[in-house]
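Colleague: sequence below, structure please.
(one chain, ligands or ions: 1)
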Amino acid sequence: EKQVTSFDPGFMNTACCESTITYIDGDKGILRYRGYPIEQLAERSNFLEVAYLLIYGELPTATQLDTWKERIMSHTYIHVTLMDYMKSFRYDAHPMSMFIATMAAMSTEYPESNPTLTRRDLFEFDFRARNQQIFRILGKAPTIAACAYRHRIGRPYNYPTESFRGYSYTENFLYMLDRLSESDYRPSPAIAKALDVLFIVHADHELNCSTAAMRHLTSTRVDPYTAVAGAAGALYGPLHGGASEAVVRMLEEIGSVDRIDEFLEGVKSKTRRLMGFGHRIYKNYDPRAKILKEYAEKVFAEVGRDPLVDIAVELERRAIQDEYFVSRKLYPNVDFYSGIIYRACGFPLDMYPLLFALPRIAGWLAHWYESLREEKSAAKASIPGATHVMRARQTYVGDIDKSFPTEEERN
Ligand code: SDX
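Modeller: Just a heads-up that it's a prediction; the model follows:
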């Protein structure tokens, strides 16, 4: 068996497309959506406005934003057949598995998902049809996630708020998670705001693994429901979107500040990994981690301080001064503090990957929309190979020239 002697991830970092959506400078710790610094968006914007910016490229006017919110919030209900489908899952099915399966099942709900019915759609950028799909996916994803949560805790599913109540995107989501018997239940504004900031900083991140998966699936012209389910599958992995769950489990296992050094020795001897640290692009502090570290304090002021945060803050303080981590340019990433905030908000651990996927859908749809529009204009300009399926290449390191043994040679 051929021993793999070296592995160069470098070739995995080659650019495979041009984009105008998100800019990252990993050495300087810079993240910008359509040119706007993430710090300003987190402080002054809201998730739906950021989703519009990512997808359409410009900040919406007040009228455009109202229409955008009204379109999305009028698509929050899911068909009863999907709710019944979700009720068929095991009582302890992981919420992310339920979400992926149900988002894929969305493609059974809408005929335009079947390319053989609408062959012309394969190469025509039908603006109205694409926007309808965007409204449906952004509107229904939180409802599917809330149903997965209610299923997980063994409670009946809740319906979305009526749009006249004027709930924000995250308030509606929190309402469906926890709606008490009275129908005018309103989630805590501080928690809704913290979740909105978490959604903003998770919305897009250039061509990360799950967004690359979205672009690959989009290039085959599969419907966006199936493509989002596929991208969510990539995000589900513990080294990608599952890290915030792993961070909290790690902090719970460390258990107290005086056991940090023992844990860090395990990391250095490579028997443990410091989850929530390190990044393929950021070789400096992840700007999202800085924002979330500040927001954690605001959430604790509302719900009480989580003892895990003291372990996290001390763990970070020691690691970023330690030569082992400094020499490898390992700093906290977005997942280091997000999990603690989710926990303080009362989310169960297995909801964390889904809380990452929900906002990232806006980024996936932005890349989907950009690549379809690019290819439409390229096809219109009849650029050869414009409507191409993405097809990565490999470096072959196996045997080249073998011949099949004869009967005699085999006996
Ligand atoms: C996300 O791509 C994106 O943008 C992703 C994301 C997004 O928004 O979509 O930002 C979200 O996925 C954030 C990352 C979440 N994952 C984790 O927190 C899991 C823990 N982190 C790692 O597994 C790791 O840091 C990666 C996978 C995130 C990045 O790994 P790299 O850059 O490929 O680094 P590497 O595996 O080549 O390691 C380089 C060195 C190695 O040491 P040596 O072999 O040279 O001695 O750093 C070490 C690694 O062992 N190392 C770690 C470490 N990460 C790297 N050592 C301990 N703990 C870690 N977390």
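
Colleague: so residue 326 sits in a helix?
Modeller: Yes - with DSSP: H, G, I helix; E, B strand; the rest coil as the criterion, residue 326 is assigned to a helix.

Colleague: now the closest residue to it other than its chain neighbours. Its backbone dihedrals?
Modeller: Excluding its sequence neighbours, the residue lying closest to residue 326 (C-beta to C-beta, 6 or more residues apart in numbering) is residue 320, at 7.0 Å. Heads up, the C-betas are built off the backbone N, CA and C, glycines and all. For residue 320, the backbone dihedrals (degrees, to the nearest 10) come out as phi -70, psi -10.

Colleague: count of neighbours near residue 320?
Modeller: 14 (other C-beta atoms under 10 Å).

Colleague: check the one 4 residues further on too.
Modeller: Neighbour count for residue 324, taken as other C-beta under 10 Å: 13.

Colleague: and what of residue 212?
Modeller: Neighbourhood size, residue 212 [other C-beta under 10 Å]: 19.

Colleague: same thing with residue 275?
Modeller: 23.

Colleague: that one against residue 239, yeah?
Modeller: No - when contacts are counted by C-beta atoms under 8 Å, residue 275 is not listed as touching residue 239 (9.2 Å).

Colleague: point out the residues in the stretch 101-250 of the chain that sit beside the ligand.
Modeller: 205, 208, 209, 239, 240, 243 (C-beta under 6 Å from any ligand atom).

Colleague: filter those down to the buried ones.
Modeller: Neighbour-count burial (16 or more other C-beta atoms under 10 Å) applied to those gives 205, 208, 209, 243.

Colleague: in stretch 155-165, what's buried?
Modeller: Neighbour count says stretch 155-165 has 157, 158, 159, 160, 161 buried, by 16+ other C-beta under 10 Å.

Colleague: if we take those residues, which one ends up nearest to the ligand?
Modeller: Checking those against the ligand with C-beta to the nearest ligand atom, the nearest one is residue 160 at 27.3 Å.

Colleague: tell me the secondary structure for the closest residue to the closest one other than its chain neighbours?
Modeller: Counting by C-beta to C-beta, 6+ apart, residue 76 is the residue found nearest to residue 160 once chain neighbours are left out, at 3.7 Å. When classified by three-state DSSP, residue 76 comes out as coil.

Colleague: where does the stretch 301-411 of the chain have low pLDDT?
Modeller: Within the stretch 301-411 of the chain, the ranges that satisfy pLDDT under 70 run 375-387.

Colleague: in it, which spans are helices?
Modeller: 307-319, 323-327, 335-344, 352-380, 407-410 (DSSP state H, counting those that start in this stretch).
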